[in-house]
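In: need a structure here:
(one chain, ligands or ions: 2)
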Amino acid sequence: MSKIKKLPEDLISKIAAGEVIERPAYALKELLENAIDAHASRIIVSLKDHGLGEIKVIDNGEGIEKEDLANALIPHSTSKIESLEDLSHIDSLGFRGEALSSIASVSELEIRSRKDDSKGFMINSTKKITSAALDKGTHIIVKNIFSKTPARRKFLSTVGTEYRHILTQLYNTALSYPQIEFQLFNNEKLIHIFKPSDLETRIRDIIGTDAKRFLLPIAYKDGYTQISGFISHPQLTYKSKSKVYVFINGRRVLNNSLTSAITESYKNLLMNHTYPLAVISINIAPDLIDVNVHPRKELITFIDERDVIEKLKETIQETLELHNLTFANTVKQHPTSSAIAKNLREDVMATKEGRIGKVKRSADVIQLHNLFIVTETENGILILDQHAVHEAILYYKYKQAYKAQKEKALSVQLPKPVMATLKPHELSIFEENIKALTKLGFAAKVFGPEIVKITAVPFVSTEVDPIKNLTETLERLESDNISDIDDHTNAMLAYLSCKSAIKSGEHLTKKQMKELISYLDKIDLGYTCPHGRPIKIELTKTYVENMFKR
Ligand code: ADP
Ligand code: MG
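Out: Ligands and ions are numbered 1, 2, ... in the order given. Got it, this is the predicted structure:
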């Protein structure tokens, strides 16, 4: 008995319409969702030419019966919903019955499938159904995507970018379903194998061993909402939101209010424009959300978004508190200057805008909390953040050196080559940006599968571990969309200054402190370090006098 039925017209008209398959990765997303809806426990993705030649998805799910093979290709035909009523409580990933027909219209599509209790059958663009030999499950083969629509193919980005979108879709699904095994091949080469596991292991498999060290579990449950997953310790941050994964009822959604809620929960524990790692699943009664608002189902709306946000924030804040990661505690444990400086600035700058007085020649200088340098100016009391001020000085110096060196060689040969093992998406960014990397001063080339041999690094960053240097540069090349090499170099100089500067917690001698102070006269450091944190604050004498009611 066939199960896939064409939806009634009134229901079709209620379904969010729009282009679904704009790029190969979106075809993959739909195929993965279908395999999950079919309760597969193992999904194999096999690409030819990074997906542009072929995308094959093999699952061991329920399969499609012979009578339904042709129906699966008819627009608006689905086995997942039947009536308008069903639209308000969708518990499957698919429901529009559009994916396979849309994919078939832009590619050569073949479906092979076998149910538990029958033989296998296949259908392809000839629409003829013939028998096929396969195990229980479904193989969907998408060949030459967009070859029928050359205009569309022309609008695709480079192969590397399309491939990274494919990886992103795979990672999204694999992070949402750690209990399912995933394998990825490209041109028959095994790229990934994610064994069925718990979420923590899956995060390690996808994001890296480093990440796993910094994970804090979160959990919340009430009658309607369940929140689970991991957030990172504030020590692990990224420059883009790309590692904030929010899954609602199994699908990754892009929702700025939720992302902001997550970063806001960290309060001052994060610097400006940095984001934590978060892999958070929110399960919510299907009738409290609407998944039918976006053609690719990447956005959803909530009946009561504020309620979800409140619960999410509370859960994250409680977790951070549980690990003693409140702002007050982190200051005590590892005095980080940022937030103190920020608060002080808010209190004090209001009372004194404008120039900071000159440091008195005879002034004494003391270090407090191994963090602040305090001295006397003509107008009052000057407090410096030892890390931020040193960072600003180094940044200035590096910039000068860079300007001077720019005309000469920007690259420094390493004493001996270093081999870096890159992750698949890093390798693809690498291959696409060889020119930019060379301009920056890297000399590196692919040496073996996923191995890159680094022989030279930018002269500004010789002190940084070459592998870290390369992978962080790749991350930045991808996330910041930097087109200008000078901008990129500036970002590298800022990074380098931060790494090399005196840290909070380090004891300084009077001589060292005086030297730092002497730069205030020599160069204009501005008020903030390259990351935008204040470096110096002056409490005017009048201000302090007022506080003492003098
Ligand atoms: P939807 O997922 O919205 O129902 P699709 O066009 O993606 O629409 O798929 C149409 C139908 O084909 C599905 O409803 C399902 O019955 C069947 N189908 C598609 N892929 C699979 C698969 N991998 N395993 C089993 N059934 C599938
Ligand atoms: Mg589907």
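In: Does anything pack onto the helix or strand encompassing I203? Which helices or strands?
Out: Using DSSP states H and E, I203 sits within helix 199-207. Counting by 3 or more C-beta pairs under 8 Å, 6 or more residues apart in numbering; DSSP states H and E, the packing neighbours recorded for helix 199-207 are helix 159-176, strand 189-194, helix 209-213, strand 215-221, strand 225-232. Glycine gets a C-beta too; all of them are placed from N, C-alpha and C.
In: buried set for it?
Out: Residues L199, E200, R202, I203, R204, D205, I206, I207 are the ones in helix 199-207 that count as buried (16 or more other C-beta atoms under 10 Å).
In: Secondary structure class of I140, three-state.
Out: Following DSSP: H, G, I helix; E, B strand; the rest coil, the label given to I140 is strand.
In: How is the chain partitioned into domains?
Out: Following automatic domain parsing, one gets these domains for the chain: 9-196, 200-328, 334-389+504-547, 407-487.
In: Could I get the average pLDDT for the third one?
Out: When pLDDT is averaged over domain 334-389+504-547, the result is 75.
In: Kindly report the residues of this protein close to ligand 2.
Out: Within the chain, the positions adjacent to ligand 2 are N34, G94, A99 by C-beta under 5 Å from the ion.
In: Please render those as TSV that adds secondary structure, pLDDT and neighbour count to the earlier fields.
Out: Putting these into TSV (DSSP: H, G, I helix; E, B strand; the rest coil; pLDDT from 0 to 100; neighbours: other C-beta atoms under 10 Å) gives the following:
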residue	secondary structure	pLDDT	neighbour count
N34	helix	98	24
G94	coil	93	20
A99	helix	95	22
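In: Return the closest of those residues with respect to G229.
Out: Proximity of the residues of the chain next to ligand 2 to G229 (C-beta to C-beta) peaks at G94, which lies at 23.5 Å.
In: Contact partners for the closest one?
Out: Going by C-beta atoms under 8 Å, 6 or more residues apart in numbering, G94 touches E30, E33, N34, D37, T78, K80.
In: Just the buried ones from the residues you listed?
Out: The buried subset of the contacts of G94 (16+ other C-beta under 10 Å) comprises E30, E33, N34, D37, T78, K80.
In: The first one: what's it in contact with?
Out: Read it as E30. Here E30 is in contact with V20, I21, G94, A99, L100, I103 (criterion: C-beta under 8 Å, 6+ apart).
In: Show me the two of those that sit farthest apart.
Out: Pairwise over those, using C-beta to C-beta, the maximum falls at I21 and G94, 13.6 Å.
In: So S497 lies in a helix, does it not?
Out: Yes. Under three-state DSSP, S497 falls within a helix.
In: V293: neighbouring residues, count only.
Out: 12 (other C-beta atoms under 10 Å).
In: Tell me the pLDDT of S13.
Out: For S13, pLDDT reads 85.
In: what's the answer for the one 5 residues further on, then?
Out: We have a pLDDT of 70 for G18.
In: my guess is it contacts K297, does it?
Out: No. Using C-beta atoms under 8 Å, G18 makes no contact with K297, being 10.7 Å away.
In: Which one of the two is surrounded by more residues?
Out: K297 (22 against 10).
In: Run through the residues that contact the more buried one.
Out: So K297 contacts L93, R251, V291 (C-beta under 8 Å, 6+ apart).
In: Could you pick out which of the contacts of G94 are located in helices?
Out: E30, E33, N34, D37 (DSSP state H).
In: Report how far apart the opening and closing residues of stretch 436-451 are.
Out: With C-alpha to C-alpha, to the nearest Å as the measure, stretch 436-451 spans 19 Å from end to end.
In: Now do the buried residues in it.
Out: Per 16+ other C-beta under 10 Å, stretch 436-451 contains these buried residues: L437, L440, G441, F442, A443, A444, E450.
In: With adjacent residues omitted, what lies nearest to I36?
Out: Among residues not flanking I36 along the chain, L93 sits closest, at 5.8 Å (C-beta to C-beta, 6 or more residues apart in numbering).
In: Isn't the one you found up against I248?
Out: No. With contact defined as C-beta under 8 Å, L93 does not reach I248; the gap is 11.3 Å.
In: what is in contact with these two at once?
Out: Counting by C-beta under 8 Å, 6+ apart, nothing touches both L93 and I248.
In: Show me where the stretch 51-200 of the chain has its helices.
Out: Along the stretch 51-200 of the chain, counting by DSSP state H, counting those that start in this stretch, helices occupy 99-105, 150-154, 159-176, 199-207.
In: which one of those has the lowest average pLDDT?
Out: Among these, helix 150-154 scores lowest, at a mean of 83.
In: thinking in terms of the whole chain, how far from its middle is that helix?
Out: Remark: helix 150-154 is offset 29 Å from the chain centroid, using C-alpha atoms, centre = their mean, to the nearest Å.
In: Identify each buried residue in that helix, please.
Out: R152.
In: List the contacts of it.
Out: Outside helix 150-154, the residues within contact range by C-beta under 8 Å, 6+ apart are E22, V106, I145, F146, S147.
In: Of the residues of the chain next to ligand 2, which ones also sit close to ligand 1?
Out: Residues of these in contact with ligand 1 (C-beta under 6 Å from any ligand atom): N34, G94, A99.
In: Would you mind listing the residues in contact with the last one?
Out: Applying C-beta under 8 Å, 6+ apart to A99 gives the contacts V20, I21, A27, E30, L31, E33, N34.
In: same thing but at 6 Å, please
Out: E30 (C-beta atoms under 6 Å, 6 or more residues apart in numbering).
In: and if you look at the one 4 residues further on?
Out: With contact set as C-beta under 6 Å, 6+ apart, I103 has these partners: I21, A27, L109, V142.
In: State the distance from M513 to ligand 2.
Out: Note on M513: its distance to ligand 2, by C-beta to the ion, to the nearest Å, is 65 Å.
In: what's the answer for A70, then?
Out: 16 Å.
In: How many neighbouring residues does the closest residue in space to P424 that isn't next to it in sequence have?
Out: Nearest residue to P424, sequence neighbours excluded (C-beta to C-beta, 6+ apart): I191, at 5.2 Å. Neighbour count for I191, taken as other C-beta under 10 Å: 20.
In: Quick check: bridge partners of H139?
Out: Beta bridges link H139 to I58, R112, judged by DSSP bridges.
In: Show the pLDDT at S479.
Out: 68.
In: same check, this time on the one 3 residues further on
Out: For I482, the model assigns a pLDDT of 57.
In: Please report the distance of the residue of the chain found nearest ligand 1 from V291.
Out: Ligand 1 sits closest to G94 of the chain, with a gap of 2.2 Å, by C-beta to the nearest ligand atom. To V291, G94 is 10 Å away according to C-beta to C-beta, to the nearest Å.
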